[in-house]
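Trainee: make a model of this:
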Amino acid sequence: MAEAQYNLGLTYEYGKGFPINYSEAAKWYRKASEQGLEDAQHNLGNFYENGKGVTRDYTEAAKWYRKAAEHGQASSQHNLGNFYVNGKGVTKDYTEAANWYRKAAERGLAESQNDLGLMYATGKGVAEDDVLAYMWLDLASAKGIENDEAKLFLIKRMSLKQNREARKLSREWLARQGRAKSQFALGLSYCNGRGVPQDYVEAVYWLLKAAEQGNARAQFTLGVFYANGNGVPQDYTEAIKWYRKAAEQGDVEAQSNLGVMYFSGNGVPKDYTEAVKWIRKAAEQGNARNQFNLGVSYAYGNGVPKDYVEAFKWYSKAAEQGDAKGQRFLATMYYLGSGVSVDYVAAYMWCNLALAQGDEDAKIGIDEISAEMTEEQIAEAQNLSREWMAKHSERQ
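Mentor: Below you'll find the model as predicted:
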């Protein structure tokens with residue numbers, strides 16, 4: 001009955017099926033309110049606050065806001081907090097205001113989170129606490145409340161330790177409210193011991209919550225935990241499961257790891273074709289290591305027909321991104337004329353670049369290649385190496 005009365009009030013307030021009639025809306029809200037329906041109580045309080053369909057009466061508004069607030073209606077809790085701040089319908093009382101703002105803030109109402117943060121920043125109604133002030137302001141800004149000036153003021157006043165503590169509390173609060181991104185961040189904090197004691201079991205708890213909501217990075221990280229036995233028994237089958245979920249969402253690292261597991265046969269039957277499928281997905285997203293791995297697959301015919309032209313193509317992509325192995329293998333292709341015409345200058349250049357990155361095997365390659373070259377060709381190759389490094393250092 002109360003719900004039907006409330007809905008009738010809505011139709012009169014917003015003119016849905018009836019002409020707008022605030023007096024009729026107030027009548028039906030009152031009937032529903034007297035039966036304890038908190039949304040109707042909130043709307044009736046709003047009518048009394050703004051003089052819609054009834055004579056404006058802040059005391060009566062506060063009465064109905066309080067009834068709804070005591071039932072947990074967050075907007076009424078916030079409005080009652082405003083009444084206590086401004087002394088509307090109640091005696092001005094910052095402590096009571098903070099109490100009602102807190103109740104609404106804990107229910108996720110951004111406006112109350114912001115106002116409670118400001119009260120902690122100024123010490124009105126609560127003991128001044130910059131950490132809690134920043135935490136609540138940060139939570140409010142995450143929902144679109146513009147409070148950058150207040151946050152900047154606090155950042156200047158706080159120590160680095162206080163700032164880290166505030167951000168940690170904010171992440172924990174959001175994580176407990178079910179926000180996947182924050183659950184993932186909290187899981188990483190426990191994994192790395194950043195701001196909290198390192199605890200792989202607790203990390204898995206939060207990563208799993210985020211992963212189950214579809215967060216790809218959490219799914220990938222959970223796969224790593226199962227693959228390595230961090231916080232859970234080592235289980236390649238579970239690792240594969242979480243890698244696959246993340247990979248199907250386009251996570252490059254998950255695609256890469258899934259490909260590796262199909263190559264090695266960990267958690268799944270060894271399957272080069274399936275391995276190449278996932279490595280290709282990562283390579284096509286520009287991942288240099290997987291571009292190199294795809295080149296290897298084509299060079300040796302693992303999971304794909306042997307094709308030196310394709311191998312050359314993927315080695316080239318990896319090499320251009322600075323992958324040392326890609327550079328060394330590309331040098332070999334130029335040296336042997338596999339998939340490309342023999343070119344000792346290009347071979348030397350790429351081998352030289354790989355060596356510059358610490359690839360010790362490239363030294364052997366340079367010795368073999370230089371034995372086939374003139375001094376002029378070696379000088380040209382060295383000059384091309386310097387030009388390539390200068391060009392790519394500008395991009396970084």
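Trainee: for residue 136, see how far away the closest residue in space to residue 77 that isn't next to it in sequence is.
Mentor: Spatially, and ignoring its direct neighbours in sequence, residue 77 is nearest to residue 104 (3.8 Å; CB to CB, 6 or more residues apart in numbering). Backbone N, C-alpha and C define where each C-beta goes, glycine included. Look at residue 104 and residue 136: by CB to CB, to the nearest Å, they are 11 Å apart.
Trainee: same deal with residue 296?
Mentor: For residue 296, the distance to residue 136 - CB to CB - is 53 Å.
Trainee: now the helices: where do they sit in the stretch 101-250 of the chain?
Mentor: 110-122, 130-141, 148-157, 160-176, 180-192, 200-212, 216-228, 236-247 (DSSP state H, counting those that start in this stretch).
Trainee: quick one, the shortest one and helix 160-176 angle?
Mentor: Think helix 148-157. 130 degrees (axes from the mean of the first three to the mean of the last three CA atoms, to 10 degrees).
Trainee: helices or strands up against helix 148-157?
Mentor: helix 110-122, helix 130-141 (3 or more CB pairs under 8 Å, 6 or more residues apart in numbering; DSSP states H and E).
Trainee: one more time with 10 Å
Mentor: Contacting helix 148-157 under the criterion 3 or more CB pairs under 10 Å, 6 or more residues apart in numbering; DSSP states H and E are the following elements: helix 110-122, helix 130-141, helix 160-176.
Trainee: got the ones you listed as JSON lines, with mean pLDDT and distance to residue 390 columns?
Mentor: Below are these laid out as JSON lines (pLDDT from 0 to 100; distance: least, CB to CB, whole Å):
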{"stretch": "helix 110-122", "mean pLDDT": "94", "distance to residue 390": "50"}
{"stretch": "helix 130-141", "mean pLDDT": "90", "distance to residue 390": "43"}
{"stretch": "helix 160-176", "mean pLDDT": "84", "distance to residue 390": "38"}
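Trainee: in TSV, list those helices along with mean neighbour count and distance to residue 5.
Mentor: TSV is the format used below for those (neighbours: other CB atoms under 10 Å; distance: least, CB to CB, whole Å):
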stretch	mean neighbour count	distance to residue 5
helix 110-122	23	28
helix 130-141	23	34
helix 160-176	18	36
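Trainee: closest to residue 186 out of those helices?
Mentor: Nearest to residue 186, of all those, is helix 160-176, at 4.4 Å by CB to CB.
Trainee: circling back to that earlier point, joint contacts of residue 104 and residue 136?
Mentor: Common contacts of residue 104 and residue 136 (CB atoms under 10 Å, 6 or more residues apart in numbering): 110, 112-113, 115-116.
Trainee: so which of the residues you listed comes closest to residue 233?
Mentor: Nearest member of those to residue 233, counting by CB to CB, is residue 113, at 40.0 Å.
Trainee: what sits against that closest one?
Mentor: Neighbours of residue 113 in contact, by CB under 10 Å, 6+ apart: 78, 101-102, 104-107, 135-143, 145, 147, 173.
Trainee: just for the stretch 51-200 of the chain, where's the confidence low?
Mentor: In the predicted model, the stretch 51-200 of the chain carries pLDDT under 70 at residues 195.
Trainee: ok, now which ones touch residue 173?
Mentor: Residue 173 makes contact with 105-106, 108, 113, 135-136, 138-139, 179, 182, 186, according to CB under 10 Å, 6+ apart.
Trainee: at 7 Å instead, please
Mentor: By CB atoms under 7 Å, 6 or more residues apart in numbering, the residues touching residue 173 are residue 139.
Trainee: quick one: the nearest residue to residue 190 once chain neighbours are set aside from residue 46, how far?
Mentor: Nearest residue to residue 190 in three dimensions, chain neighbours excluded: residue 203, at 3.8 Å (CB to CB, 6+ apart). Distance of residue 203 to residue 46, given as CB to CB: 45 Å.
Trainee: pick out whichever of those two has more residues nearby.
Mentor: Neighbour totals were compared for residue 203 and residue 46, and residue 203 leads with 25 against 19 (other CB atoms under 10 Å).
Trainee: show me what contacts residue 147?
Mentor: Contacts of residue 147 (CB under 7 Å, 6+ apart): 114, 137, 140-141.
Trainee: now it: how far from residue 163?
Mentor: For residue 147 relative to residue 163 (CB to CB), the value is 16 Å.
Trainee: same deal with residue 169?
Mentor: Taking CB to CB, one finds residue 169 at 11 Å from residue 163.
Trainee: ditto for residue 15
Mentor: Taking CB to CB, one finds residue 15 at 50 Å from residue 163.
Trainee: got the contact list for residue 275?
Mentor: Residues near residue 275 by CB under 7 Å, 6+ apart: 259, 262-263, 303.
Trainee: any chance of TSV for those, columns pLDDT?
Mentor: Below are the contacts of residue 275 laid out as TSV (pLDDT from 0 to 100):
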residue	pLDDT
259	96
262	96
263	92
303	95
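Trainee: scan those residues and report the most crowded one.
Mentor: The contacts of residue 275, ranked by neighbours (other CB under 10 Å): first place residue 259, 28 neighbours.
Trainee: in this structure it contacts residue 274, no?
Mentor: No: at 8.1 Å, residue 259 and residue 274 do not qualify as touching, with contact defined as CB atoms under 7 Å.
Trainee: and the top helix by length along the chain, what's buried?
Mentor: Criterion DSSP state H: the longest helix present in the chain is helix 375-395. Of the residues in helix 375-395, 377-378, 380-381, 384-385, 388 count as buried by neighbour count, 16 or more other CB atoms under 10 Å.
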